[in-house]
Every structure is written in structure tokens, then in C-alpha cells.
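S.K.: Quick check, what structure comes out for this input:
(chains A and B, ligands or ions: 3)
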Amino acid sequence: MSTLNPTLEHAGHAEHGDHGHSQSFFFTYIWSTDHKMIGKQFLVTTLLMMMVGGGLALGVRWQLARPWERMPIFGDIVFAGDGGQISPDAYTMLFTMHATVMIFLVIIPVLAGAFGNFLIPLQIGADDMAFPTLNALSYWFMWPAIFFFGASFFMHGGGPAAGWTGYPLLSLLSEAAPGSRNAQTFWLMGLTFVGVSSMMGSVNYMTTIINMRAPGMTLFRMPLTIWSMFITAILQAFALPVLTAAGFMMVADRLLGTCFFVPAGIVVNNAPPTVGGGQTLLWQHLFWFYSHPAVYIMLLPAMGMVSDMLACMCRKPIFGYKPMVYSMAAIAGLGFIVWGHHMFLSGMNPALGMTFMVSTIMIALPSAIKTFNWIGTIWGGRVQFNTVMLNCTAFVSMFIIGGLSGIFMAAVPVDIYIHDTYFIVAHFHYVIFGATLFGVFGAVQFWFPKMFGRMMNETVGKIHFVLTFIGFNCTFYPMHMLGIAGMPRRYADPYHFPYLEHLLPMNQFMTAAAFLMGFAQFLLLGNFFLSIFFGPKCGRNPWGANGLEWTAPSPPGHGNFDIPPIVYHGPYEYGSPVAGDKDHLMQTDYVPLAQRVALQDH
Amino acid sequence: MGRFWAIFFVLTAVIIFVVSWISPSQNWWFPGDGLAHSTLGSKIDDLFYLILVIVAVTFVGTNAALGYALWRGATIKQDEKVWFSHGSHSLEVIWTIVPSAILLFIALYQLDVWAAYRIKGFVKNRDGSPKQIVAVAEVTARQFEWRIRYPARGKVLKPTPQPDDLYSVNELHVPTGDLVSITLRTDDIQHAFFVPELRVKQDAVPGKLIPVWFDVTDTREYEMLCAELCGWGHYKMKAKLVAHSTEDFDAWKDQVSAEQFDDGFRKPAE
Ligand code: HEM
Ligand SMILES: [Cu+2]
Ligand SMILES: [Cu+2]
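M.R.: Ligands and ions are numbered 1, 2, ... in the order given. Reported below is the predicted structural model:
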């Protein structure tokens, strides 16, 4: 690959490598306060956590395909006590920890932590984050979280087993489940540390984006990635304290004998009746007040990154830049008033149910607008079908399915039937895995050259994409059918019920597909780690993209830019008529005033 | 190669569409005979199918647009100019107004069904008068079984247990025809009452008494399960709902009462 801007290229090579010599290995790779290194640390950590979470998921799928059968190889090591098979107890721990790891240690940190850190200063033309030390801490606070989640698995009595939602009283009274002894306290501590880590990121991002933009980088010249990270940071800042407070209330209930969530007179497992006038529903409200916005924390940054990548790969400006921004803002705003849609069946006031239902249905609107705008971006473009584009297209096409299935559940009467069945599982996997994770795969491939100065392998990338895409759809699409057939989620053995028996072959098919998808991820890891050392070297701007990050050397040194950038126009001037004989304008390319009418912001 | 990928994505959409289409014929659809055996349940199904149609049309439309855009993007020549556009205000207005109209329609259209499920006065007879709801039983969930308490024949259900109450475990007996209600509670943690073929589901929340009403249209047995994670035995909180005709229901009560109050001593044979 050659760069489209040879002058800058040469400047870069001279610069390159001068930095870093002065610093020891420890300060360069371990305790680094450089946002790029922290981003890479987050990326590597989350990719490895993805393998852990994936392994747990395969355990869950094994049980659904071959219930109560001895598991080859792993069974004798992990489940030796149960004769090599997964006990119903272990099953609840498996899906609880699968979801916990995937949500709190993979999706949230990979988006905000890895890409947020790496891209924000580069794309707004800053030399680093506003608070570099805080930034390093936000990474290092992941480790206590990983430790607590990990250790909780090995507690006496077993790991946390109350689902990733941790509803009391199952998660609160130690008689209710073996895992609800110390394991659940550890789980809550893990949650708190993840929260602390996100919070540090969140304040940092907000401050950086507000204060440290390069000259000329007005709010409406920011790439959509930055907008999405900004809105995500705001969401986190408002929603997270609620979860943290709820977590501490639960810890207090468990350790100090308070009764925030414990009603009086409950008898679990013949233990003496509980005292206290708490409300279990309080947890659900507090939890979803965070976790509903959190589903957008898991999605918005990917939406932003995909917008950037699509525009570049189609050599076209993003279609409807401002509507994209407004719809993200609308999603964030509405996101705060729809949490109750997770609780339609909890016996809350039916009038409240109606408001939640109407607001939930309306949140589908900004999502629809975004989808149409992505299609508009591809429309009439000169599409480069590389790995990045394929993953981004998968993002759009999977998001269509995930968004449409949301409408069934948003219609409350239908949700009466659908709630807590596999239909829900299908829906959120289509959104979180189908959309977000494909977006992340694309982003890894797209920004890898900027991160490491080398390209990832296209062929391996494409094979990984195809296997993952096929595996994904074969695993998760049939879940819609399971849900319609009435198969509840979190059942160790659905075939215990005659009306579900005929679904066994379908589950076996899905499990096979899941294993295919799981193994395909080794291709990603291999491609990633090998390319760090052996990938072909690349210049500053291998994709011919026009964001500020592509004017910096690959990889950028300390302080990012050799010439402090000045921004003259918006981020998507591909194929612009004012570009003359070039096919795109960098954001730093000066355009005479007379010609600016053609640009995004005049 | 670009064309191949355009086809790849379109084909995925086509396969997904076809799989969804043939699912009912493959028995990958609503449980049992595929019909809801309650009045409200069939309304839920109607709503489901209405949304299915809307969603299917949207799915086909958006995927056709996506596929076409990809195909064009793949066939454009390298020296051809792309369609340089920052967006279109009128398109933006159209694709804001049309979906919001459809979504608003769905939101308003379904309100009645939800109201009938949760608000008593909204359950109507044919002539529009509010329907009478008969309280048949108190259903108590606990790890990992269902305990059910009925009033004696001819009595009404009292909030507290009465000496002549009748009991059953993991079997809920109800008469068909009438709108019956159960009072749902839990002894320990949260569970959820779920009868798939009636499309009824309701969480049982610690410290709360929640009324659930439904009618059953056919005298049969239905499977009844727990839909909210409640521990390792969640999957085996298995029970059945037995729907009787009104006479059979009374006969069943007589029989249970005879069994329950039998002290084991019988009159000596004469
Ligand atoms: C935009 C990105 C979205 C994400 C990341 C997302 C994610 C999720 C997740 C993780 C859950 C399940 C939580 C759980 O119970 O474990 C969920 C449930 C739900 N989602 Fe979404 N979703 C998205 C879009 C939508 C849309 C567009 C709608 C409606 C039009 C929607 C409606 C719902 C409803 C109603 C539920 C609750 C269903 C139930 O538990 O009964 N979602 N979503
Ligand atoms: Cu939600
Ligand atoms: Cu249960």
C-alpha cells in the first residue's frame, strides 16, 4: 500500500522511532500514560477476555446440545466432581460469567477503552488525553475487576449464579444459591471496579473532547466516532453512579445487614424468615437505569466508527452527517427513559408500562434513521470490498435484524410472551455481537496500521470474516425460532419439557455453528499478533482516509503530530469537487473561501 | 469480487427470509398446535403477526436497498465520479416521518391488549360491559415447585388460608370459559409464571401479591413453567395447568376435598 501524500510520508519516516528511546521498557509498555499505549493495552486485554468469554459460552452451548453428557477433555479437568458433565449449578455459573465477561470486560472496554483512548486525541488533533495519569489508572483498574470476577469463580460453593443482571433475592440471600455466598460479593466488587474504570475514562473523554480540539475543529467538524464517544461518555457519567450506588447497597445488604432489597418474611431453603421492609424491584430499577443506557454504551461507539469506515471505504461523504449526530443524541436522551421495558412483567403499574412502551417504540426511530443514512452512504459510492468494508456491511445488515426484532418486544403484549425466552437472547446478540462486534472487527483492521505501522493480512481477515459471519447467523438466527417456540432462557435442560423436545436437533446445529465461530477467532488473534511483527509496513495514510489521525506518523510518536494540525472543514470530503485532481481532502487541506460552499460546513 | 460480496449479503438476507417463512411448517414456531388457547392469547398472536408483516416488509426493503447499493458500488468504474452528496433534506424528512407514523400506529394499536392484560375494567364482554373475573386460586412459587391453594367448593378465595381450603402441588386446575384469576406470590425469591400455550406470563415478586387473569378455551392439560432465573433448579420448575369444564371442575374439587379431609379411618364394613 502506498500513501496518497508522499511529502508527509517522508517527514514521518525521519520522525519515526526517535521517541521511546528515552523511556524504559516499564514506562513504555506497562505504566504508560500515553493514550495510544493505553488504547493498545485495552485492546489486547479485551481480545483475550473475548476468548475467555467465548470459551464459557461454548460450555453453555455444549450443555444445550448434549445435556448431561460427559464433556470430552475439559469435562475431566473442570467438572471432574460431577463425572465430567456440567451440573445445573455449574450451568448457571457458566452463563452468568459468560455474560459478565462479555459485557463488562469485552464490549464496554473495547469500545470506550481501546478505541476511545486510541482515537479521541488523534482524531481531534490533541497530543494526548486531558488527564494522562487518570487514563493509565482507568486501564489498571480493569485488573482488580478481572481479578474479582475471576476469583469469584473459585469461591467455596461456586461462582456467581444469578445472571449478569444479578437480581435479588437470588443474588442476595446466601441460601438461595451456592454461588450467592462470597462469590456474589466478589462479583459486585468486580462490577464496582469496572465502573470506576469507565468513570475515569468518561470524565477524561468529556474534558478532552471539549477542551483539546485542534484549531478549526468545531463540534460539527468532528468525525462521528468522536461524537459517539462523546455521547457515550455523557451516558456513562449520568448512568454509572446509579449502578455503583446500587452495587454498594447490595454489598451493604450482604455484609452489613441492611435491607434495601429484602422484603420481610421471606423464607429461603428453610432458613429463618428475613426481616426488613425492602423492595427487590428497587434493584431492577436501579440496575436497568444503568444497564439500558449501557446497551447504547455498547453500541454507539461502534456506530460512530462504522460511519467513519463506511465513508472511507465507499469514497463518499457520510450521508446526513447532522441527522446522524442528532439521532445519536436522541438515542442517548430516550435511552434514559426506557429502562422499564426490561420490567414489563415485574408487576409495575400498568400506566407506567404504557409510557415505557411508547418511549421504547420511539427509540427505534433514531436507529432507523441511522440505518437509512448508512445505506445512503454506500449508495452511489465506489465501494472497496476489503475486510473493513465487509465487517462494516455486516454491522449494518445485522443491526437491521437486531433493530427489527426489538419492535416485537417493544410491543408489550407480544413481550408478555417473548420476555425471558430465547427471542431476547437472539435480539441482543444480533445487536451486541452481530452489530457491535463486527464493527469492532472492522475497526481493528482499519486502525491497526495506525496503531502498529503495519497492515493486517487481508486474506486471513476475509476468511475470519466469512467464518464468523456464517457461524454467527447459524448460531443466533434460530434463537428467534426457539423463542417463538417458547423456550425459556437460562434453562439447563429445556428438553425436560415435552413441548421443547423437538428443538434438540436445532440446538445441536446451533452449537456446531458456535464452535465454528469460536475457532474462527483464533484466526483473528493470529492475524493480529503476527501482523504486529510481520505485517507489511505502511505509510501514514494507507486507506486514503481524511481524518486527522492519518496525518500523523504510523504509529504516531509521543505527542502524536509532527506538525500541529489545523482543521479547515468537516471529516468526510471524499470525492469532493473542490479537491481538484485528488480524490479526497484531508481535514487539514486548506480550501480557499470561495470554494468552501461545496463543503459540509460552509 | 465486489459483485460476489454484494450477492453474499443479499443471499444472507434471502436465506434468513426463507428460513423464517418455512419455520411454521417445520414446527419451529409457536408451541403445540401453534394456536393460543386463550382469548387474550390470540390477540397477542394477531399483534405478533401484524408486526411480523411490517417487519418483513421493512427487512426486504432495507436489504434490497443495501444489496443494490453494494452491487452498484461494486460495478462502478475506478475513474467514474462517485455521487458526491452530503445528504438530502427531503429524504431525511421522509424517512423520519414514515417510520414514526408506523411506530406510533403500533404503539397506539396495542394499548388495548396491554390494558386488558393488566387493568381490570378493560376486560370486556361482547356487549361492552366489564367482564366478571373469578378468583380461582392462590399460586405460590418456591424453589423449585408451585404450591396452589383453592377455596372450597362454593366459597370465595380469601387472602389468608382457610381451614377448608384445598391444595395441590405443581398442578393448577381451572375451569374453562370464564375469565379466571390467580393471585401470584412467592415464598422465597423471584420466579415467573408462564403458560406458553396461553401466552400468559407474569413475574412473582417477593413481598407482592400480583393478580393474573386469563381464560382457557379448551379443556386440556397445558405445560406450565418458570421463566425467571431462580437458581440451579430453574429448569425443572415444571408443572401443568389442567383446564376442566365447569362441571368437571366442581367434581374435581369434590374429589380433592374427599381425599384431603379423609382421616384414614373408614367405617367398618356392615
Ligand atoms: C440499539 C441497540 C440495542 C442494544 C445494544 C440492545 C440490547 C439489548 C439487551 C442486551 C437486552 C437484553 C437484556 C437482558 O434482559 O439480558 C435487550 C432487551 C430489550 N430490547 Fe434491546 N437493544 C437495542 C435496540 C433495541 C431496539 C431498537 C428496541 C426497540 C425497538 C429494543 C427493545 C428491547 C426490549 C423491549 C428489550 C426487553 C425485552 C425483554 O427482556 O422482555 N432494543 N436489548
Ligand atoms: Cu433496554
Ligand atoms: Cu425459575
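
S.K.: who's in contact with residue A:479?
M.R.: A:422-423, A:425-426, A:429, A:510 (CB atoms under 8 Å, 6 or more residues apart in numbering or on different chains). C-betas here are computed from N, CA, C, even on glycine.

S.K.: Go again with 7 Å.
M.R.: Applying CB atoms under 7 Å, 6 or more residues apart in numbering or on different chains to residue A:479 gives the contacts A:422, A:425-426.

S.K.: ok, the residue nearest to the spatial centre of chain A to residue A:100 distance?
M.R.: For chain A, residue A:107 is the residue whose C-alpha lies nearest the centre (CA atoms, centre = their mean; 2.8 Å). Residue A:107 sits at a distance of 11 Å from residue A:100 (criterion: CB to CB, to the nearest Å).

S.K.: now do residue A:554
M.R.: In terms of CB to CB, residue A:554 sits 36 Å off from residue A:100.

S.K.: What of residue A:68?
M.R.: Here residue A:68 is placed at a distance of 25 Å from residue A:100 (CB to CB).

S.K.: now swap in residue B:38 and tell me
M.R.: Relative to residue A:100, residue B:38 is positioned 37 Å away (criterion: CB to CB).

S.K.: Residue A:32 too?
M.R.: For residue A:32, the distance to residue A:100 - CB to CB - is 27 Å.

S.K.: who has more neighbours, those two?
M.R.: residue A:100 (26 against 19; other CB atoms under 10 Å in any protein chain shown).

S.K.: Pretty sure the residue nearest to the centre of chain A sits in a helix.
M.R.: Yes - using DSSP: H, G, I helix; E, B strand; the rest coil, the assignment for residue A:107 is a helix.

S.K.: Find the closest residue to ligand 3 in the stretch 51-200 of chain B.
M.R.: residue B:191 (4.8 Å; CB to the ion).

S.K.: Nearest the geometric middle of chain B, what residue?
M.R.: Geometric middle of chain B (CA atoms, centre = their mean) lands on residue B:199, at 2.9 Å.

S.K.: which one is that one nearest to, not counting chain neighbours?
M.R.: residue B:41 (3.6 Å; CB to CB, 6 or more residues apart in numbering or on different chains).

S.K.: Please report how far that neighbour lies from ligand 1.
M.R.: Distance, residue B:41 to ligand 1, using CB to the nearest ligand atom, to the nearest Å: 17 Å.

S.K.: likewise residue A:365?
M.R.: 9 Å.

S.K.: State the pLDDT value of that residue.
M.R.: The confidence metric pLDDT takes the value 93 at residue A:365.

S.K.: residue contacts, it?
M.R.: B:99-100, B:103.

S.K.: so which residue of the stretch 1-150 of chain B comes closest to ligand 1?
M.R.: Here the residue of the stretch 1-150 of chain B nearest ligand 1 is residue B:103; by CB to the nearest ligand atom that distance is 8.0 Å.

S.K.: can you pull the contacts of that residue?
M.R.: By CB under 7 Å, 6+ apart, residue B:103 lies in contact with A:361-362, A:364-365.

S.K.: Flag the shaky bits of the chain, pLDDT-wise.
M.R.: As the question left the chain open, I've gone with chain A. Along chain A, segments meeting pLDDT under 70 span A:1-23, A:80, A:597-602.

S.K.: other chain: chain B
M.R.: Those would be B:267-270, if you go by pLDDT under 70 across chain B.

S.K.: Which parts of it are strands?
M.R.: Secondary structure of chain B (DSSP state E): strands at B:133-142, B:145-150, B:166-169, B:171-175, B:179-186, B:191-195, B:200-204, B:210-214, B:221-226, B:239-244.

S.K.: Quick one: those strands as a markdown table, columns for distance to residue A:140 too.
M.R.: Below are the strands of chain B laid out as a markdown table (distance: least, CB to CB, whole Å):
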| stretch | distance to residue A:140 |
| --- | --- |
| strand B:133-142 | 44 |
| strand B:145-150 | 48 |
| strand B:166-169 | 54 |
| strand B:171-175 | 54 |
| strand B:179-186 | 42 |
| strand B:191-195 | 41 |
| strand B:200-204 | 40 |
| strand B:210-214 | 46 |
| strand B:221-226 | 42 |
| strand B:239-244 | 50 |
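
S.K.: want to throw those strands into a markdown table with distance to residue A:558 and mean neighbour count?
M.R.: Formatted as a markdown table, the strands of chain B follow (distance: least, CB to CB, whole Å; neighbours: other CB atoms under 10 Å in any protein chain shown):
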| stretch | distance to residue A:558 | mean neighbour count |
| --- | --- | --- |
| strand B:133-142 | 61 | 20 |
| strand B:145-150 | 65 | 20 |
| strand B:166-169 | 71 | 16 |
| strand B:171-175 | 70 | 20 |
| strand B:179-186 | 60 | 21 |
| strand B:191-195 | 56 | 27 |
| strand B:200-204 | 55 | 27 |
| strand B:210-214 | 61 | 20 |
| strand B:221-226 | 58 | 22 |
| strand B:239-244 | 66 | 21 |
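
S.K.: of all the ones you listed, which lies closest to ligand 1?
M.R.: Using CB to the nearest ligand atom, these put strand B:200-204 closest to ligand 1, at 9.5 Å.

S.K.: That closest one and chain A in contact?
M.R.: Yes - using CB under 7 Å from any CB of the partner chain, strand B:200-204 reaches chain A at B:201-203.

S.K.: what's next to that strand, contact-wise?
M.R.: A:345-347, A:416-417, A:419, B:38, B:141, B:184-186, B:190-194, B:210, B:212, B:214, B:227-228.

S.K.: please redo it, this time with the cut-off set to 8 Å
M.R.: A:345-347, A:416-417, A:419-420, B:38, B:40-41, B:139, B:141, B:184-186, B:190-195, B:210, B:212, B:214, B:227-228.

S.K.: quick revisit: how about the nearest residue to the residue of the stretch 51-200 of chain B closest to ligand 3, chain neighbours excluded?
M.R.: Looking at residue B:191 with CB to CB, 6+ apart, the closest residue is residue B:141, at 3.7 Å.

S.K.: For that neighbour, give the beta-bridge partners.
M.R.: When assigned by DSSP bridges, residue B:141 has beta-bridge partners residue B:146, residue B:186.

S.K.: OK, contacts around it?
M.R.: Applying CB under 8 Å, 6+ apart to residue B:141 gives the contacts B:184-187, B:191, B:193, B:204, B:226, B:230, B:237.

S.K.: can you rerun that using 7 Å?
M.R.: Applying CB under 7 Å, 6+ apart, the residues contacting residue B:141 are B:186, B:191, B:204, B:226.

S.K.: Could you do residue A:281 as well?
M.R.: A:346, B:205 are the contacts of residue A:281 under CB under 7 Å, 6+ apart.

S.K.: same thing with the one 3 residues further on?
M.R.: Taking CB under 7 Å, 6+ apart as the criterion, residue A:284 is in contact with A:167, A:343, A:346.

S.K.: Which ones among the residues you listed map onto helices?
M.R.: Among these, none falls in helices (DSSP state H).

S.K.: Out of these, which end up buried?
M.R.: Buried residues within those, counting neighbours by 16 or more other CB atoms under 10 Å in any protein chain shown: A:167, A:343, A:346.
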